[in-house]
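Q: Using only what follows, build the 3D model:
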Amino acid sequence: MLSTDDYLETHMINAKKIEEIAKQVTDAIPPSLKSIANEFEDKTKMVLQRKLSQLDVVTREEFDVQTQVLIKTRAKLAELEARLTQFEEGLQKHDETSQ
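A: Numbers count the residues shown, from 1 in each chain. Below is the predicted model:
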């Protein structure tokens, strides 16, 4: 079973990878067809990007931003949970002393 990080890594759009694939396809074309190859490369990139954008994936930059947001949110949640525990303990002590 994939970990969350492994799953996310395999399902993210990588612009460099798209360009590498398009370049490999273009490099496989014989030199006599290079003028057509440039147009083909552009169209290949366009098709790959359009198809990948239809998938449920995010760019690396979006993933990194959301990772930082999640880290900050978890830290804030831990802080609030600790404060809530302190308030509950204080309330419990107050209740015990007022009885």
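Q: what ranges do the strands span in the chain?
A: Along the chain, counting by DSSP state E, strands occupy 12-13, 58-59.
Q: Would you single out the least confident of the ones you listed?
A: Lowest mean pLDDT of the strands of the chain: strand 12-13, a mean of 61.
Q: Mind pulling the model confidence for Pro30?
A: Confidence at Pro30, expressed as pLDDT, is 77.
Q: how far away is Thr73 from Glu79?
A: 11 Å (C-beta to C-beta, to the nearest Å). For the C-beta atoms, the positions are set from N, CA and C on the backbone; glycine is no exception.
Q: per-domain residue ranges of this structure.
A: 1-56, 60-99 (automatic domain parsing).
Q: quick one, which of these is packed in tightest?
A: domain 1-56 (a mean of 12; mean count of other C-beta atoms under 10 Å).
Q: between the domains of the chain, which gets the lowest average pLDDT?
A: The minimum mean pLDDT among the domains of the chain belongs to domain 1-56 (a mean of 75).
Q: Tell me which stretches of the chain form helices.
A: Using DSSP state H, the helices found in the chain span residues 4-10, 15-27, 34-54, 60-98.
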